[in-house]
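Undergrad: After the sequence you'll find the predicted model.
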Amino acid sequence: MPRSMDFKQALPLQCGTILNEYTLAYETYGTLNANASNAVLVCHALNASHHVAGIYADQPHNIGWWDNMIGPGKPLDTDRFFVICINNLGGCHGSTGPLSINPQTEQPWGGHFPMITVEDWVDAQARLADAIGIQQFAAVMGGSLGAMQALAWSIRYPSRLRHSIVIACAPNLSAQNIAFNEVARQAIMTDPDFHDGDYQQHSSAPKRGLRVARMVGHITYLSDDEMAHKFGRQLKQGDPKYTFASEFEIESYLRHQGDKFADYFDANTYLRITKALDYFDPAHAHGDNLTQAMASVEAAVLVISFTTDWRFAPARSREIVRALIDNRSRVSYAEIDAPHGHDAFLLTDSRYHQLVSRYFARIESELKP
Amino acid sequence: MIINVPTQRADFAAIAQWITRDTHVLDLGCGDGTLLHYLQSTRNVTGYGVEIDDHNVLACVNNGINVIQSDLEQGLAEFADHSFDYVVLSQTLQAMRNSERIMQEMLRVGRAGIITFPNFGYWKNRLQVLSGGMPVSQNLPYAWYDTPNIHHCTIADFEAFCAARNIHILARTVLTNGETVRLWPNFYGELAVYHFGG
């Protein structure tokens, strides 16, 4: 069941702007136990929402984005844990974002919505946790950009989580990662329908740009092998036609993904989320020393990477692991041999799911009754 | 915790004798984490296990042991110089392709190393070789064609190896069936346990 909560207490953002009031959309699953010790916060990645598991009664096809991982009897078992997922600030699924009305101007925020960082999200999540009476999470968990939030939680609020589960993550983006994001942003911002981000006022949306942005993104989510395996050089029908129509299967896949995404996602949100990714760099304030940046971590950390993930390669996860080891923090690291690339964190893989399942069994064994 | 206190691995007590309380230990090729668990409960150590096998990694997570999935043949890049009091390599040396490098890495990362290996000079092994076959025993349970053990050595070989590389042997315990062997260890000893430093 989607819920939302309004906050009147101003939230200072890293960019210097102060958000005077805001709403967070969220969903919860399972039951919070008497001493509120079984809560798990799941953080979402780029395009997802607070709808992390299950289906809505009135929308049987709207399955939660991590439904293979979270639910009754699943690796994160909602019969045992109270799971909460929050649509991030700046999002377009119910939380305050560029589509919302700016109370000061009574116009949509649009291009004027402030820049948001991973740390801002974490601060906002912490306030929602306060409001529903969760002092300390049993675990904070996420994949990709969600994992960056789990990492930021362990650095920023060390005593408010006992475990941090960091999947397919990187301690910051590489120049190549930023380059892909910039191509995506330029696709959106050079779309004639962009209007400096105030496209709502022009009753339009930069859908063509957003579509291209999503296509670029999708290339980075799959491994070369997986793309070859799924699509190869296959043509949709028979022989080459020597046209620019979508002939190769991979073309039609990318176009389909792009179209689908441009229909439901907000371009201003996409721009800000890619920027949040680019700016994420906890080591930066510590002279680029990740070990120092992570010295505050108290949680036990489980780091998982996937061998064919070239967007956030295993070597990047190992940087996180090394920083934790240097600090003598509790950390376990698993490198899952999966063919799917970055997307593997969302897919069903028995080794991966067993690992998460066992880890949660361990977390559960530590819960006080 | 599912781990039973180890009885099957006689070398655990021999390893533990040199490990002082409240120290930081790295266990290379840690299996399901039994040794680390034993050291945590008897010596209150902290530390990590390194393991390459998926099933063992899963078992470590199950047993609440901090485990880092990594290939020892690639070195110990995740671990800083002299960041551990002890680095343990238990019954793994003989299966390593680059035995020399791992010994160097152990001494880079740890202040001291502890290593155990099956003594190929044990009289029963010698007897099997003399009778014309590769040794198969409880400690060497593999046939020649499926063994992971590619670098067998004897107690004499290992000590010569260390002497040539300025690796200082601080102490040695030799075991057969869990009992300490003092007489002609290279002949009567089945399992060698060494404590060494750089």
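TA: Everything's here; your move.

Undergrad: For the most centrally placed residue in chain B, which residues are in contact?
TA: Nearest to the geometric centre of chain B sits B:Ser90, at 1.5 Å (C-alpha atoms, centre = their mean). By C-beta atoms under 8 Å, 6 or more residues apart in numbering or on different chains, the contact list for B:Ser90 reads B:Arg9, B:Asp11, B:Ile15, B:Asp27, B:Leu28, B:Gly29, B:Leu35, B:Ile114, B:Ile115, B:Thr116. Placement of C-beta: from N, CA and C, glycine included.

Undergrad: Can you narrow the residues you listed down to the ones near chain A?
TA: Residues of the contacts of B:Ser90 in contact with chain A (C-beta under 8 Å from any C-beta of the partner chain): none.

Undergrad: Spell out which parts of chain B neighbour chain A.
TA: Residues of chain B found near chain A (C-beta under 8 Å from any C-beta) are B:24, B:46, B:48, B:54, B:57-58, B:60-62, B:64-70, B:77-80, B:83.

Undergrad: Let's see which of the residues you listed end up in strands.
TA: Within these, residues falling in strands by DSSP state E are B:His24, B:Thr46, B:Tyr48, B:Val67, B:Ile68, B:Gln69.

Undergrad: May I ask you to confirm that the first one is in contact with B:Ala80?
TA: Which is B:His24. No: with contacts counted by C-beta atoms under 8 Å, B:His24 stays clear of B:Ala80, the gap being 11.6 Å.

Undergrad: quick one: the residue sitting nearest the centre point of chain A and chain B, what's the gap?
TA: Central residue of chain A (C-alpha atoms, centre = their mean): A:Ala45, 1.1 Å from the mean position. Computed as C-beta to the nearest C-beta, to the nearest Å, the A:Ala45 to chain B distance reads 23 Å.

Undergrad: One more: A:Ala187?
TA: Using C-beta to the nearest C-beta, A:Ala187 is found at 38 Å from chain B.

Undergrad: Shouldn't that residue be within a strand?
TA: No: read with DSSP: H, G, I helix; E, B strand; the rest coil, A:Ala187 is helix and lies in no strand.

Undergrad: Skipping its backbone neighbours, what lies nearest residue 83 in space?
TA: The chain I'm using is chain A. A:Tyr29 (4.4 Å; C-beta to C-beta, 6 or more residues apart in numbering or on different chains).

Undergrad: that's the wrong chain, I wanted chain B
TA: Nearest one to B:Ser83, counting by C-beta to C-beta, 6+ apart, is B:Val109 at 6.1 Å.

Undergrad: How about the contacts made by that neighbour?
TA: With C-beta under 8 Å, 6+ apart, B:Val109 has these contacts: B:Leu26, B:Leu76, B:Phe79, B:Ala80, B:Asp81, B:His82, B:Ser83, B:Phe84, B:Val87.

Undergrad: Could you report the pLDDT at the residue nearest to A:Val83?
TA: For A:Tyr29, the model assigns a pLDDT of 96.

Undergrad: Can you get me a residue count around it?
TA: Neighbour count for A:Tyr29, taken as other C-beta atoms under 10 Å in any protein chain shown: 23.

Undergrad: and what of A:Lys236?
TA: 12.

Undergrad: try A:His202
TA: Using other C-beta under 10 Å, the number of residues around A:His202 comes to 11.

Undergrad: excluding its backbone neighbours, what's nearest it?
TA: A:His195 (5.0 Å).

Undergrad: Check B:Ile114 too.
TA: Excluding the flanking residues, the one nearest B:Ile114 by C-beta to C-beta, 6+ apart is B:Val88, at 4.7 Å.

Undergrad: Tell me what the one you found is bridged to.
TA: B:Asp27, B:Ile114 (DSSP bridges).

Undergrad: With A:Phe82 instead?
TA: Beta-bridge partners, per DSSP bridges, of A:Phe82: A:Ala39.

Undergrad: Touching, it and A:Thr31? I think so.
TA: Yes: A:Phe82 is within contact range of A:Thr31, at 5.9 Å (criterion: C-beta under 8 Å).

Undergrad: Looking at these two, which is more packed in?
TA: Between A:Phe82 and A:Thr31, counting by other C-beta under 10 Å, A:Phe82 is the more crowded of the two (21 against 12).

Undergrad: Now for B:Asn44, how many residues are close by?
TA: B:Asn44 has 11 nearby residues by other C-beta under 10 Å.

Undergrad: Next one, pLDDT for it please.
TA: pLDDT, B:Asn44: 97.

Undergrad: what's the following helix or strand after the particular helix or strand that has A:Met215 in it?
TA: Assessed by DSSP states H and E, A:Met215 sits inside helix A:207-221. As assigned by DSSP H and E, the chain's next helix or strand after helix A:207-221 is helix A:224-230.
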